[in-house]
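Undergrad: Fold the following for me, if possible:
(2 chains)
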Amino acid sequence: MHQPERRSNQRRSGANCGDMPKAHRSGTGSCVCTYLGQSRRLASSRAGSTRPMFAYVVRRLISTFVVMVLVGVFVFLLLHFSPGDPATLIAGDNADAEQIESIRKGLGLDQPLLVQFMNWSLRVLQGDFGISVFTQAPVINLIVERLEPTVSLAVTTLLFAALVAVAIGVVSAWKAGSWIDQVFMGGAIVGFSLPVFVVGYVLIYIFSMQLKWLPVQGYTPIAEGVLPWAKGLILPTIALGTSYVALIARITRASMLEILSQDYMRTARAKGVSARGMLIGHALRNAGVPIVTIIGIGFAMLISGVVITETVFNLPGVGRLVVDSIAKRDYPVIQGAIIIFSGVYVLINLLIDVLYTLIDPRIRY
Amino acid sequence: MSTTKTKIFRRTILLSGIALIAAAAMPGIRHAIAAPNSKNTIRAVMHADLRVLDPVWTTANITINHGAMIYDTLFGLDKDYVPQPQMVGEHKVSDDKLTHTFTLRDGLAFSDGSPVTTEDVVASLRRWGARNNAGKHMMQYVKDMPIVDAKTFQIVFSEPYGLVLNALAENGTVIMRKKEALTDPNQQITEYIGSGPFVFNQKETQLGHRYVYDRNPGYVPRKEPPSGTAGGKVVKVERVIFENMADEQTAMSALQAGEIDFMEMPPQDLLDVLRSDNNLNVEVLNKTGHMGWMRVNHLHPPFDNVYARQAMLYLIDQQEIMRAAFGSSDLWKKCGAYLACDTAMESDVNTDWLKGGQNIEKARELFKKAGYDGRPVVVLHATTHYLANPAALLTVQWLKQAGVNAELATSDWGTMLVRRNSKAAPTEGGWSIFFTAATGHSLSNPVTASGHATNGEAAWFGWPNDPKQEALREKWARTPTLEGQKAVAQEIQENAWNFVPHMYLGQFYRAAAWRKNVTGVIGVPEVVPFWNMEKK
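TA: The predicted structure follows:
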């Protein structure tokens, strides 16, 4: 994540409220202190803060483009220097050298690498990712067709992980040292240690094969009904989300413990703020930045996890497309998908950076 | 940031998220509009993902399966592998055996409604003849293919050719529209219109995930009962879907749960689990199975020497390799027939090396006789292949026991396929040994199976060079009767196990599994016929 800048001369953390002339609760529930008489000035400076933010976002978008270009070059070279040949795979095991060569020629793979690279780069710069050497279908169409299952799985997994993990983390921190805490954190270690495919197979065996509650595999587009869509995503979401739940829960617990030991929490307790108010309104809000950070970092893991989950549950997503394409050395598809993945990854990081400003008003860009 | 602004910003993010899902869902909405009816639909998991849709362009079996769904062939092979007319109504041969006259049967039409004419047929045969092994071989003897009229054409040979009907009955000898058949043989076709029992539903197909075939309402089947790819191809379901499932375990669970109906090649080591399921049938459909295959590099020592190659016959313990790959199953056996067991060409001529069992001492002697000097023998080890993986590990162990300096070159299957192209020395990026498998049916034809060629550097990987074997292959091709071909096959085998172009690892049979409510499954080598299947 980008290192945010904290403008301590405008707002101070609640931890220092005791030193401040005045403290009040903001509308969103966090403890925010301001110097008396500076409210008007702060309000005007905040109104103008959208411009630096806009400039920041534009800068990041430009850097995203640069990252995608670098990834493209790297992936192209890596693929073409690594062993493997789509023509050999297309021709089939019984094909002879002559048949393989004729296919290679037909695909343009007999041309010098530099020529192939230039042709490919020019097309990509025009937004054309080329066509699959196997199916002859445009790469962008193949990727777009596969987006829905992947986006659905990613969203449901992040939601599931965030909701469950934050709840577990908050309760564990609140009950730190108790048996509840030990059970949750023990479970978190197990959850983080188990590979996605093991969790997947176990879930399939229990909920699909034995109880017959949920389908073994497959994906129903959301257009065919929200219920069948959700039904097909429950097991993949749990399988993929388990390790995130564990990771986020542990970070949430650690952050919460730190915040709960702060002076202003004691102050809040002394003021008679309820336990729920303290946990949700004060502690969780202030522990939010590391939690959001870990969710963002987790997105990288999510990409690799999606690949495995989509394979185990036979979801026709982008992850499986990439795995199948790697096995078949379908270079244009691999290149296109990885460039898009890299772009999405950088944009998610950008989103997380922007989210910081919502969670912690001290942060400005 | 004011509260109002914060809320607006949050709402923007929320709306952006919804828009993201909605945008991603658009292709799904398009698919959902024509969602298939699950009744009368057979969902099948085939042995591989269908990626290439042109059955002339590749030799991949899965594409041949796709071809058998949507295209028809002039002849078909019955259950005894005898060619029988399929699109052809009448076939005559001139007295000098040089001119074959074919008349198409009535009612043939492509799924776009246009009739099948001899112009389509001849154009298809020309494209097939430029690419397919059987076609290329036949075309060496073809002088002309004149069109007599819209339903009758001829093939005129320069000399009598014994494999005409066998070649035309090959699963890859599909008849396309002239429009597609005129495509450069080095390029793939882009439209898939056939005159076969099914129509390829491209709109509902999702490449890499599922391939949809609808019953061809215009298809007129033959009157004879179905037998192999011959006889009446009567389609009794409305739709067949090839589901691509990368994970075998998931596919097996889906079959048991009734989410799919048919699995072409379930994992061999888990067959007992399927057999114990009362809802499933587990049977071998391809009765000639597959031959495990070891290729050695004839261009470099030690296997440029015949004694070293003969040593490998004594070194290989087929039983051990089969057991390692497939367990203590009843679905494999030892086989020394050069043209595969369970085929018309099976023979046990010159197979003492097999009958005596593994003999490492004999192998050691033969390597010595070959003048083996201790140089590294590089064994390509494709870890992702069910047979090549254990075969490589065992072979290296046995080679070491026989005093050979063997080493593994480990990779995935795709990388192995590339490395085997190399003619460089084994230690300079080349290789000494690799493993693969081929169907017994394909290996039973000494002419069209690529691996049987022994024409040196033009031959298949391994590049064996034996003019005597080449002459025998041609003799077999020109032999007009089955009995005559069997006799030549024995000569081929006699010579093969002296020269040793390659070695076998045993013969194995991949069972298919399907739900018991699916009936009418026909056994055919290399393709699974989805005609005649019913779902109750």
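
Undergrad: Residue numbers of the stretch 51-200 of chain A in contact with chain B?
TA: The stretch 51-200 of chain A comes close to chain B at residues A:83-85, A:88-100, A:102-103, A:105-106, A:132, A:134-137, A:142, A:144-148, A:150-152, A:155, as judged by Cβ under 8 Å from any Cβ of the partner chain. (Each C-beta comes from the backbone N, C-alpha and C, glycine too.)

Undergrad: Low-confidence regions, chain B specifically.
TA: B:1-39 (pLDDT under 70).

Undergrad: at 50 instead, please
TA: Across chain B, the stretches falling below the confidence threshold (pLDDT under 50) are B:1-8, B:27-36.

Undergrad: residue boundaries of the helices in the stretch 251-400 of chain B?
TA: For the stretch 251-400 of chain B, applying DSSP state H, counting those that start in this stretch gives helices covering B:271-275, B:306-315, B:318-326, B:352-355, B:360-369, B:388-401.

Undergrad: and the third one, which residues are buried?
TA: By neighbour count, with 16 or more other Cβ atoms under 10 Å in any protein chain shown as the criterion, the buried positions of helix B:318-326 are B:Gln318, B:Glu320, B:Ile321, B:Met322, B:Arg323, B:Ala325, B:Phe326.

Undergrad: Need the residues you listed in JSON lines (columns: distance to A:Leu214).
TA: Formatted as JSON lines, the entries for these read as follows, by distance: Cβ to Cβ, whole Å:
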{"residue": "B:Gln318", "distance to A:Leu214": "44"}
{"residue": "B:Glu320", "distance to A:Leu214": "43"}
{"residue": "B:Ile321", "distance to A:Leu214": "41"}
{"residue": "B:Met322", "distance to A:Leu214": "39"}
{"residue": "B:Arg323", "distance to A:Leu214": "38"}
{"residue": "B:Ala325", "distance to A:Leu214": "34"}
{"residue": "B:Phe326", "distance to A:Leu214": "33"}
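
Undergrad: Let me have those in JSON lines, extended by distance to chain A.
TA: Below are the buried residues of helix B:318-326 laid out as JSON lines (distance: Cβ to the nearest Cβ, whole Å):
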{"residue": "B:Gln318", "distance to chain A": "20"}
{"residue": "B:Glu320", "distance to chain A": "24"}
{"residue": "B:Ile321", "distance to chain A": "18"}
{"residue": "B:Met322", "distance to chain A": "19"}
{"residue": "B:Arg323", "distance to chain A": "24"}
{"residue": "B:Ala325", "distance to chain A": "17"}
{"residue": "B:Phe326", "distance to chain A": "19"}
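
Undergrad: just to revisit the earlier point, taking the residues of the stretch 51-200 of chain A next to chain B one by one, which sit in strands?
TA: Counting by DSSP state E, these place none of their members in strands.

Undergrad: Tell me the buried residues within the residues you listed.
TA: Among these, the ones that count as buried by 16+ other Cβ under 10 Å are A:84-85, A:88-97, A:99-100, A:102-103, A:106, A:132, A:134-136, A:142, A:144-148, A:150-152, A:155.

Undergrad: Helix, strand or coil: sort out the closest residue to chain A within the stretch 301-450 of chain B for me.
TA: Chain A sits closest to B:Thr415 of the stretch 301-450 of chain B, with a gap of 4.2 Å, by Cβ to the nearest Cβ. B:Thr415 carries the three-state label helix when classified by DSSP: H, G, I helix; E, B strand; the rest coil.

Undergrad: distance of the nearest residue to it once chain neighbours are set aside from B:Asp348?
TA: Distance criterion Cβ to Cβ, 6 or more residues apart in numbering or on different chains; nearest residue to B:Thr415, sequence neighbours excluded, is A:Pro83 at 4.2 Å. Distance from A:Pro83 to B:Asp348, counting by Cβ to Cβ, to the nearest Å: 41 Å.

Undergrad: got it, and A:Ser274?
TA: According to Cβ to Cβ, A:Ser274 stands 89 Å off from B:Asp348.

Undergrad: pLDDT score assigned to A:Arg266?
TA: Each residue has a pLDDT score; the one for A:Arg266 is 85.

Undergrad: now swap in the one 5 residues further on and tell me
TA: Here the pLDDT value assigned to A:Lys271 is 85.

Undergrad: hmm, back to that, just name the most buried of the helices of the stretch 251-400 of chain B.
TA: When neighbours are counted by mean count of other Cβ atoms under 10 Å in any protein chain shown, the highest per-stretch mean among the helices of the stretch 251-400 of chain B falls to helix B:306-315, a mean of 23.

Undergrad: now that helix against helix B:360-369, angle please.
TA: With axes from the mean of the first three to the mean of the last three Cα atoms, to 10 degrees defining the directions, helix B:306-315 sits at 170 degrees from helix B:360-369.
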